[in-house]
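**Q** Test case, fold it:
(one chain, ligands or ions: 1)
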Amino acid sequence: MPRPPGRRDRPDRPDRPEHRGLLRRLGPAFWLAAGWLALVVAVAAAADLLPLPRYDETLAGPPRSGPSAEHPFGTDALGRDLLSRVAHGARVSLGVGVGAVLLGLAAGAPLGVLAGYRRRRTDAVIMGANDVALAFPAMVFALAVVAFAGASLVNVLAVLGVLSVPAWIRLVRGTTLVFAEREFVTAARALGARDRSVLWREIAPNVALPAASYAFVGMAVTIVAEGGLAFLGLSVQAPTPTWGGLINEGRPVMETAPHAVLLPSLVMFLTVLSANLVGDRLRALTDVRQSGLEPVRRRPAVPLPAPGQVHRIEEGALLQVAGLRTHLPTPRGTVRAVDGVSFTVRRGRTLAIVGESGSGKSMLIRSVLGLVPGPGALRGGRVYLDGRDLTGLSPERMRRVLGTRFGAVFQDPMTALNPVRRIGVQLAEPLRVHLGLGAKAARARGTELLASVGVPEPARVMRRYPHQLSGGMRQRVTIAMALSCGPDVLFADEPTTALDVTVQDQVLRLIRRQREERRMAVVLVSHDLAVVAEWADEVVVMYAGKVVERGPTAALFERTRMPYTEALLAAVPKLTDPAHHPLRLIAGRPPDLADPPAGCSFHPRCPYARERCAVEEPPLLPAETPGHLYACWYPRDTGARAPADTGSGTGTDSDGRGLDGPCGPGRPAAAGRPGDLSGPNDLSDLDEGADSRGR
Ligand SMILES: Nc1ncnc2c1ncn2[C@@H]1O[C@H](COP(=O)(O)OP(=O)(O)OP(=O)(O)O)[C@@H](O)[C@H]1O
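**A** Model (predicted):
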């Protein structure tokens with residue numbers, strides 16, 4: 001039997017994912033910079049051991065002579081070897097840089113952690129004092145102290161170290177604030193961990209990387225500051241060389257011996273640049289998304305559809321998404337987060353997008369909104385609003401669409417609202433920017449909007465900060481913001497996940513009321529199939545970035561065809577189930593979207609998979625209800641037979657449109673339905689011109 005084409009054999013397979021290690025993630029510039037710093041440190045440490053003349057040996061060579069084999073950096077006005085002086089100067093410059101950073105860190109980090117973790121009065125006192133310290137002009141302070149206390153290595157190091165403390169406090173406090181709010185810290189505290197243990201085990205490791213990054217940047221700043229003081233003659237005194245001092249010494253002979261200024265300057269410049277670069281790359285490492293989104297210099301996994309491809313716009317379609325793709329380059333390879341998704345939404349209707357975590361629901365919404373993350377992300381396919389293609393719009397024009405015709409509500413209202421700005425200010429902003437309202441009119445309209453979404457005492461709420469409202473109220477505010485400019489489509493990405501059941505119901509009712517009043521379309525992302533069954537007219541089921549089943553809610557839930565949808569439904573608890581069947585979990589794990597399986601992405605987890613499923617990717621095939629489509633070779637309804645089995649059964653014509661097959665009414669899907677099903681059943685045939693196979 002011929003070997004079925006394996007993953008590696010498939011013609012459209014991407015190159016194997018790049019398992020780029022830390023070395024590649026940091027990039028060659030980092031390693032060059034780190035190499036230079038290591039060299040300078042090594043030379044400074046071993047300066048006495050190197051086969052160089054003494055740094056203070058006058059007439060070691062002819063005065064003011066340029067670089068030669070004997071004196072690679074040339075000599076200064078007194079005939080001293082410049083390389084030796086630069087090497088010894090590195091000791092002072094690096095010593096001051098490292099020493100000041102350690103001093104600043106030792107004093108600033110504990111204060112920053114304390115302020116960020118304890119908050120309240122501790123924070124107010126520390127940050128108040130810090131603000132006062134920051135108000136002093138640093139360089140004037142340094143000059144005054146060194147001039148008064150004497151220009152010695154210890155004094156220079158101490159003054160520059162003290163001056164760096166406020167910056168350390170700010171940095172560490174900010175990072176601590178971020179992590180102190182994270183769930184793992186709350187979980188540790190809930191388990192009874194003491195503050196000291198939380199600080200050491202939970203917070204400190206997370207603060208360490210940003211602190212290491214800032215240490216390099218701070219070192220660069222200190223080296224420059226020390227150079228400035230030395231140039232003014234206020235650092236370590238002659239004959240001990242420092243880089244700033246060498247530049248100062250070379251200044252009078254610059255015309256006859258430019259190397260005496262240029263070479264120490266070059267070494268100092270490269271060292272400062274390298275320290276900044278190393279710090280910057282370390283900072284990028286702390287940003288998981290940024291490090292994961294470094295553009296991979298390889299061709300995209302799948303050539304995205306050529307621009308200019310035109311799709312047939314469905315009659316009555318308000319929003320039509322055709323063959324949408326979003327590919328994200330990551331260190332593991334190209335993640336096909338959205339892979340050829342097509343759907344249509346009409347005015348006044350709700351389309352729900354469901355699927356397991358990681359199936360691409362949120363990325364699909366972001367992709368439709370044109371908000372794909374990172375510069376390396378690739379987007380293909382088309383998004384039509386009222387028949388107009390939005391994918392070719394300039395960022396400026398797309399911003400106008402986002403503000404006025406699309407509204408979006410996200411999962412966590414606390415993170416969607418800026419915690420330090422009043423509700424009124426945040427609500428008025430889109431009204432002022434997009435509708436051009438004046439401050440007073442925007443305020444009045446904002447108050448009306450809050451009232452319309454059921455916020456009691458809206459005028460008072462306008463003056464509140466987000467943390468002063470309950471979760472339900474905050475979500476009402478974000479809905480009011482999303483509705484503020486009268487959008488045609490409201491995207492609600494798990495809008496009720498962070499809310500309790502009663503509030504969840506209120507919020508969903510609110511969205512439905514607004515949809516009816518405004519004749520909007522709603523695209524609702526949800527994990528909760530009971531919510532979907534109750535509130536959505538149409539459903540799109542996603543798996544591994546693709547649509548695997550879609551159609552009118554009632555048809556899809558009552559006559560489920562795709563085993564994945566069936567498995568999702570079987571995993572929903574049903575209180576009315578008299579038999580109390582145990583819940584069925586979906587076996588296995590969702591696929592790695594950087595390396596999805598060949599054939600049907602679900603086949604490794606599918607109990608009904610056969611050989612064909614591992615080889616050929618099933619297209620979206622029509623079920624008997626108009627608009628109900630599924631991607632499966634062996635669907636779960638007795639009325640449906642796989643095209644492979646029938647030869648003349650359900651299939652698609654050359655245009656990719658559904659043909660009526662012999663699919664008679666089959667038995668209801670094994671999983672049953674999760675709640676009261678409602679909603680009309682009139683979704684017309686969807687355009688398959690750009691489905692996941694790009695037909
Ligand atoms: N910024 C990113 N960089 C790289 N990959 C990403 C990024 N954001 C998401 N992904 C990947 O894209 C895929 C889809 O993610 P997405 O957030 O859309 O899933 P989801 O279905 O909305 O999940 P959930 O229900 O948990 O929110 C996942 O595999 C995820 O790991």
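
**Q** Name the nearest residue to Asn52, ignoring sequence neighbours.
**A** That one is not Asn; residue 52 is Leu. Once flanking residues are discounted, Leu52 sits nearest to Ser84: 4.1 Å by Cβ to Cβ, 6 or more residues apart in numbering. In short, each C-beta sits where N, CA and C put it, glycine included.

**Q** so what's the closest residue to Ala555 other than its chain neighbours up against?
**A** Computed as Cβ to Cβ, 6+ apart, the closest residue to Ala555 that is not its neighbour in sequence is Thr625, at 3.7 Å. By Cβ atoms under 8 Å, 6 or more residues apart in numbering, the contact list for Thr625 reads 551-552, 555, 559, 681.

**Q** Compare the residues you listed and tell me which has the most neighbours.
**A** Using other Cβ atoms under 10 Å as the neighbour criterion, Gly551 leads these with 27 neighbours.

**Q** Not including adjacent chain positions, what is the nearest residue to that residue?
**A** Looking at Gly551 with Cβ to Cβ, 6+ apart, the closest residue is His628, at 3.2 Å.

**Q** Quick check: Ile169 touching Leu111?
**A** Yes - when contacts are counted by Cβ atoms under 8 Å, Ile169 is listed as touching Leu111 (5.0 Å).

**Q** Name the residues contacting each of the two.
**A** With the criterion set as Cβ under 8 Å, 6+ apart, the overlap between the contacts of Ile169 and Leu111 is 126, 130.

**Q** and these two? which has more neighbours close in?
**A** Relative neighbour count places Ile169 above the other of Ile169 and Leu111, with 27 against 20, counting by other Cβ under 10 Å.

**Q** Where does the more buried one sit, in terms of helix or strand?
**A** Per DSSP states H and E, Ile169 falls inside helix 153-180.

**Q** next one: Val522
**A** Going by DSSP H and E, Val522 is part of strand 521-525.

**Q** just checking, next helix/strand downstream of that strand?
**A** Once strand 521-525 ends, the next helix or strand along the chain (criterion: DSSP H and E) is helix 529-535.

**Q** now the angle from the next helix or strand along the chain from that next one to strand 521-525?
**A** Toward the C-terminal end, the helix or strand that comes next after helix 529-535 (DSSP H and E) is strand 538-543. Relative orientation of strand 538-543 with respect to strand 521-525: 30 degrees, computed using axes from the mean of the first three to the mean of the last three Cα atoms, to 10 degrees.

**Q** Partner strands of the following helix or strand past strand 538-543 and their direction?
**A** Next in sequence after strand 538-543, counting helices and strands by DSSP H and E, comes strand 546-552. Under the criterion DSSP bridges, strand 546-552 sits next to strand 538-543 (antiparallel), strand 629-630 (antiparallel) in its sheet.

**Q** so, in contact with the ligand or not, strand 546-552?
**A** No - Strand 546-552 stays out of contact with the ligand when judged by Cβ under 6 Å from any ligand atom, the minimum separation being 11.4 Å.

**Q** Using PDB, write out every CA atom in the next helix or strand after that strand.
**A** On the C-terminal side of strand 546-552, the closest following helix or strand by DSSP H and E is helix 553-558. Presented in PDB, the C-alpha positions along helix 553-558 are these (Å, rounded to 0.1, in the frame of the first residue of the first chain):
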ATOM      1  CA  THR A 553     -28.300  27.800  15.500                       C
ATOM      2  CA  ALA A 554     -31.200  25.400  15.700                       C
ATOM      3  CA  ALA A 555     -30.000  23.300  12.800                       C
ATOM      4  CA  LEU A 556     -26.500  23.200  14.000                       C
ATOM      5  CA  PHE A 557     -27.300  22.100  17.500                       C
ATOM      6  CA  GLU A 558     -30.200  19.800  16.600                       C
END
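
**Q** Point out the other elements, helices or strands, that the helix or strand following helix 553-558 touches.
**A** Tracing the chain past helix 553-558, the next element assigned as helix or strand by DSSP H and E is helix 563-570. Helix 563-570 sits against strand 538-543, strand 546-552, with contacts defined as 3 or more Cβ pairs under 8 Å, 6 or more residues apart in numbering; DSSP states H and E.

**Q** how many degrees apart are helix 563-570 and strand 538-543 in direction?
**A** Using the same axes, to 10 degrees, one finds that helix 563-570 and strand 538-543 are set 110 degrees apart in direction.

**Q** so what does whatever helix or strand comes next after helix 563-570 touch, helix or strand wise?
**A** Along the chain past helix 563-570, the next helix or strand (assigned with DSSP H and E) turns out to be strand 621-622. Contacting strand 621-622 under the criterion 3+ Cβ pairs under 8 Å, 6+ apart are the following elements: strand 629-630, strand 651-652, strand 658-659.

**Q** Among the contacts of Thr625, which one lies nearest to Ile511?
**A** The nearest member of the contacts of Thr625 to Ile511, counting by Cβ to Cβ, is Pro552 at 19.5 Å.

**Q** my guess is the closest one meets Asp537, correct?
**A** Yes - checked against Cβ under 8 Å, the pair Pro552 and Asp537 is within contact range at 6.9 Å.

**Q** what's in contact with stretch 404-423?
**A** Contacts to stretch 404-423, defined as Cβ under 8 Å, 6+ apart, come from residues 365, 369, 385, 402, 426, 434, 450, 461-467, 469, 471, 474-475, 477-479, 481-495, 497-498, 511.

**Q** Mind doing that once more with 6 Å?
**A** For stretch 404-423, contacts defined as Cβ atoms under 6 Å, 6 or more residues apart in numbering pick out 434, 461-466, 474-475, 477-479, 482-483, 485, 487-495, 497-498.

**Q** try stretch 475-493
**A** Counting by Cβ under 6 Å, 6+ apart, the neighbours of stretch 475-493 from elsewhere in the structure are 319, 362, 365, 403-411, 413, 416, 423, 427, 430-431, 434, 449-450, 453, 455, 507, 514, 520-525.

**Q** can you narrow those to ones near the ligand?
**A** Answer for the contacts of stretch 475-493 near the ligand (Cβ under 6 Å from any ligand atom): Ser362.

**Q** Buried subset of the contacts of stretch 475-493 as a PyMOL selection?
**A** Buried residues within the contacts of stretch 475-493, as defined by 16 or more other Cβ atoms under 10 Å, are selected in PyMOL through the command that follows:
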select buried, resi 319+362+365+403+404+405+406+407+408+409+410+411+413+416+423+427+430+431+434+449+450+453+455+507+514+520+521+522+523+524+525
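
**Q** Where strands are concerned, which of the contacts of stretch 475-493 count?
**A** When the contacts of stretch 475-493 are checked against strands using DSSP state E, the ones located there are 319, 406-409, 521-525.

**Q** Of the residues you listed, which is the nearest to the ligand?
**A** Compare each of the ones in strands among the contacts of stretch 475-493 with the ligand using Cβ to the nearest ligand atom and the shortest gap goes to Val525, at 6.7 Å.

**Q** Val501: neighbour count?
**A** Around Val501 there are 8 other residues, counting by other Cβ under 10 Å.

**Q** nope, Leu266 is what I was after
**A** Around Leu266 there are 13 residues (other Cβ under 10 Å).
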